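Novice: sequence and predicted structure are below.
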Amino acid sequence: MTGRKKSSDFIHQPRRDRMYEEHVQDPYLKRGKLAEPTVCPECGAVFQTGRWQWVDQPEGAHANLCPACSRIHDHIPAGILSLHGDFFQQHKEEIFHLIQHTEEQEKAEHPLERIMNIEETEEPEHTRISFTGIHLTKRTGEALRHAYQGSFNFTYSEKDDVVHASWER
């Protein structure tokens, strides 16, 4: 018998490089590649070199809604951030400025991360902000916690593929 091993002799070892596959699968991201270049007719973002970007629109580009505009059109957020508490009510204007600034920074680099809607709920002292991306949802909550302290929590719901987050102070 030779010293050659068969494939059945190898045992699968878990990864040790701390790399992991993100378990959140966005149904709005296309499984196949779009033709390049593609321009979103709603927002003007351009899909080229494998990602959506804010660049000049090339002539002769294909047209297709980007995932963010599709979410906005369908009214299906990727993340929802709930804001509540007395401190929030007393500092609402400056908190909204921070939220808008955070969105501007994130959206400049990542066109698919945007605020969809800001709504006052029936509950007193409670506001819900819906986002097109999970990263902006989390980044906004962390920016609020960093600037104003308070309590920030988030969870991912596999049932509806949405990140639910809350900030309170």
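Specialist: That came through fine.

Novice: dead centre of this structure: give me the residue that sits there.
Specialist: residue 133 (1.8 Å; C-alpha atoms, centre = their mean).

Novice: and the lengthiest helix in the chain, average pLDDT?
Specialist: The longest helix of the chain (DSSP state H) is helix 92-109. The pLDDT scores in helix 92-109 average 97.

Novice: report the distance from it to the chain centre.
Specialist: Taking C-alpha atoms, centre = their mean, to the nearest Å, the mean C-alpha location of helix 92-109 is offset from the chain mean by 14 Å.

Novice: can you point out the buried residues in it?
Specialist: Neighbour counts over helix 92-109 (16 or more other C-beta atoms under 10 Å) mark 95, 98-99, 102-103, 106-107 as buried. (Glycine included, C-beta is placed from N, CA and C.)

Novice: that one packs against which elements?
Specialist: Here helix 92-109 touches strand 115-120, helix 134-148, going by 3 or more C-beta pairs under 8 Å, 6 or more residues apart in numbering; DSSP states H and E.

Novice: quick one on the thing from earlier: need the buried residues of helix 92-109 in JSON lines with distance to residue 56, can you?
Specialist: Below are the buried residues of helix 92-109 laid out as JSON lines (distance: C-beta to C-beta, whole Å):
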{"residue": "95", "distance to residue 56": "35"}
{"residue": "98", "distance to residue 56": "31"}
{"residue": "99", "distance to residue 56": "29"}
{"residue": "102", "distance to residue 56": "26"}
{"residue": "103", "distance to residue 56": "23"}
{"residue": "106", "distance to residue 56": "21"}
{"residue": "107", "distance to residue 56": "17"}
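
Novice: and residue 160, how far is that from residue 46?
Specialist: Relative to residue 46, residue 160 is positioned 30 Å away (C-beta to C-beta, to the nearest Å).

Novice: ignore the last one, residue 128
Specialist: Distance of residue 128 to residue 46, given as C-beta to C-beta: 31 Å.

Novice: more neighbours: the two, which one.
Specialist: residue 46 (22 against 17; other C-beta atoms under 10 Å).

Novice: on that earlier part again, what number of residues are in the vicinity of the closest residue to the residue nearest to the centre of the chain other than its chain neighbours?
Specialist: Nearest non-adjacent residue to residue 133, counting by C-beta to C-beta, 6 or more residues apart in numbering: residue 113, 3.9 Å away. Neighbour count for residue 113, taken as other C-beta under 10 Å: 24.
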